[in-house]
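K.L.:
Here is a sequence together with a model predicted from it:
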Amino acid sequence: MKKPALVVLSGACFVLGSGFKLNEHSLNSIALSSAYVAGANGADSALYNPANMGMGKFSNKHEIEISTTWLHVPRFDFTTDFTKIKNEIGRDQGVQTVCTPENWLGNITCAIASSQLPNIAPSASKADGSANATHFVYPEIFYKSPSFYGFNVGLSVTAPSGMTIDWDGEGGKFLDSSFIAMIEANPVLSFKIANWLSIAGGGRVIYGMGKFQNSLYVPYQASMFQNIAGGKITITSKGTTAVDQISDTQGWGYGWNVAMTLKPFYAWNQGFTISATYRSPVHIDLEGKLSAKARTGTEENPLITADMDADLTLSTDIPPILQVGISQQLGSFLVEFVYERNFWSYGDKFEFNYKNQKFSNISGSQAHQIGSTEAERVAYIEKMMGGADYDAVAIGRGWKDTNSYRLGVTYGVGQKFRAMASIAYDETPVPSDAFGIPDADGYMVGVGARYSMFNDSLDVGAAYSMTFKDNRKSPIQSKDGWGKLQLVNVSMACRF
């Protein structure tokens, strides 16, 4: 499937948590900034460490937890500095047209034609923009069964990735309005081999959907040979094509996960635990439709404009994740450290392919140069489809694997009231000079509490976390300080 010269969709993912995903789903995980692997317990262990489903205090009971999270990103103003992006991709680079003679008569033809060739200066290297506030509420559910001959089954239904972005202004038009959501069902099975060892595994079923409305500038270079009264010339034009586009996609992906919990010193230190989880990559082909309007030149003086409709396939890989957690219980305190490795260099990030392209409404002051009829103009555009630099506007190229470090403390282990606090550091996979959705290293703090009542049959609580994004090296410079992401969670768990 060939990509059209005039259209390359600026995809979007998830400016949440580590890179573009959301780690925190349940009350405990938000309060502990996902320092929640070795110490995972209850219904949400089905997601965070299914090997622990048969290891906790309530391993012989059904547990269901319903979790509701409010996500908030405050409104902020920013300046996009295109000089910090390789080749200043993302801004209007104008149009530069050159006439090259191919024979001696061509020198005369070029001399006559040069005064009429369009040349438009690039836009400013910096542009202002603004991001409207983001508010998003999403429910999630977790379940684990009682133990049966050492086996437990569990299920979680979560939103592992999601985004809603609404940016305004010239500096933010490439993310004018973008929405994407993914829902994951994660069925798991665990087996407790001994009091000091348990293993688990399961599947991943992910449904994704996305809606995008944005604008971007695609670099191009095109040449056209002409023979005018014996004067042979080649006219070469390069610059950017402005593209306004709307798309709607959806698709399914599948994967697996495994987990293990080990208490290596169980005979004399039952409170020390080592756990590891691994979640496989998931490939998703989101398919749908795309409509686009492309223009060379300025809005006031468009040289060539064209509409395009096409079938769209957005290929993406949710990367594999390895987590290793070490926890130690000290009286009523449980302290856990988690190391996380995200393999962002694996697979596709946002690879867009099109088929069944249909061009129409070709016009503009230079349209007569590429054909006198609509059919001739369409044929010319299809012929010149190789002129756009797709790699320049590809998102997700050059991403690196990242590390995350998480530390959480729980007070009140084994008691009715429990309080939690945490800190974490997330590396970004995105190169600071790459075109696309900006991201930066994140610093997270979290707090939360929960209370058990009615003989531990009902458990309620709330949690809050704040992630600060350090955008000092990013092309997107916030005028309101560091970027912020807030999560507020309320949860209820039932046991029977």
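P.N.:
Structure's in. What do you need?

K.L.:
all helices for the chain, in order.
P.N.:
All helices of the chain, identified by DSSP state H, fall at 27-31, 45-48, 104-114, 374-383.

K.L.:
could you dump the shortest one to PDB, C-alpha only?
P.N.:
Taking C-alpha atoms only, helix 45-48 is exported to PDB below (Å, rounded to 0.1, in the frame of the first residue of the first chain):
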ATOM      1  CA  SER A  45      -3.500  -8.300  41.600                       C
ATOM      2  CA  ALA A  46      -5.200  -9.900  38.600                       C
ATOM      3  CA  LEU A  47      -3.600  -7.100  36.600                       C
ATOM      4  CA  TYR A  48      -0.500  -6.000  38.500                       C
END
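
K.L.:
Gly201 touches Val188, doesn't it?
P.N.:
Yes: judged on Cβ atoms under 8 Å, Gly201 makes contact with Val188 at a distance of 6.9 Å. Bear in mind the C-beta positions are built from the backbone N, C-alpha and C, glycine included.

K.L.:
Identify the contacts common to those two.
P.N.:
Shared contacts of Gly201 and Val188, defined by Cβ atoms under 8 Å, 6 or more residues apart in numbering, comprise Pro50, Asn257, Ala259.

K.L.:
Out of the residues you listed, flag the one nearest to Thr313.
P.N.:
In terms of Cβ to Cβ, no member of the shared contacts of Gly201 and Val188 lies closer to Thr313 than Asn257, at 26.3 Å.

K.L.:
wouldn't that closest one be in contact with Val188 here?
P.N.:
Yes: in this structure Asn257 lies within contact range of Val188 using Cβ under 8 Å: 7.3 Å.

K.L.:
quick one: common contacting residues for these two?
P.N.:
Pro50, Gly201, Gly202, Gly203.

K.L.:
ok, Gly201 and Val188, which is more surrounded?
P.N.:
In terms of neighbours (other Cβ atoms under 10 Å), Val188 is the more surrounded of Gly201 and Val188; the figures are 26 against 16.

K.L.:
what separates the closest residue to the more buried one other than its chain neighbours from Gly54, distance-wise?
P.N.:
Leaving aside its chain neighbours, Val188 sits nearest to Gly202 (3.2 Å; criterion: Cβ to Cβ, 6 or more residues apart in numbering). Separation of Gly202 from Gly54 (Cβ to Cβ, to the nearest Å): 14 Å.

K.L.:
Does the residue nearest to Val188 touch Ala185 like I think?
P.N.:
No: with contact defined as Cβ under 8 Å, Gly202 and Ala185 do not form a contacting pair (9.9 Å).

K.L.:
okay, those two: which has more neighbours?
P.N.:
Neighbours per residue, other Cβ under 10 Å: of Gly202 and Ala185, the larger number sits with Gly202, 23 against 15.

K.L.:
so who does the more buried one touch?
P.N.:
Pro50, Gly154, Asn186, Pro187, Val188, Leu189, Trp256, Asn257.

K.L.:
ok, now Met453?
P.N.:
Contacts of Met453 (Cβ under 8 Å, 6+ apart): Lys416, Asp459, Val460.

K.L.:
Which of the residues you listed has the largest number of neighbours?
P.N.:
Result: Asp459 is most packed of those (other Cβ under 10 Å), 23 neighbours.

K.L.:
which residues does that one bridge with?
P.N.:
Ser452, Ala493 (DSSP bridges).

K.L.:
ok, so what distance separates it from Asn28?
P.N.:
11 Å.

K.L.:
Can you spell out which helices and strands pack onto the lowest-mean-pLDDT helix or strand in the chain?
P.N.:
The helix or strand of the chain with the poorest confidence is strand 476-478; it has a mean of 79 (mean pLDDT, DSSP states H and E). Packing partners of strand 476-478 (3 or more Cβ pairs under 8 Å, 6 or more residues apart in numbering; DSSP states H and E): strand 76-81.

K.L.:
partner strands of the strand it packs on, parallel or antiparallel?
P.N.:
Going by DSSP bridges, the partners of strand 76-81 are strand 126-131 (antiparallel), strand 476-478 (antiparallel).

K.L.:
Now mean neighbour count too, for those strands, in TSV please.
P.N.:
Below are the strands paired with strand 76-81 laid out as TSV (neighbours: other Cβ atoms under 10 Å):
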stretch	mean neighbour count
strand 126-131	18
strand 476-478	19
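
K.L.:
Could you report the neighbour count for Ala113?
P.N.:
Quick note: Ala113 (other Cβ under 10 Å) scores 17 neighbours.

K.L.:
ugh, wrong one, I meant Ile183
P.N.:
By the criterion of other Cβ under 10 Å, Ile183 has 17 neighbours.

K.L.:
Enumerate every residue touching it.
P.N.:
Val157, Thr158, Ala159, Ile206, Tyr207, Gly208.
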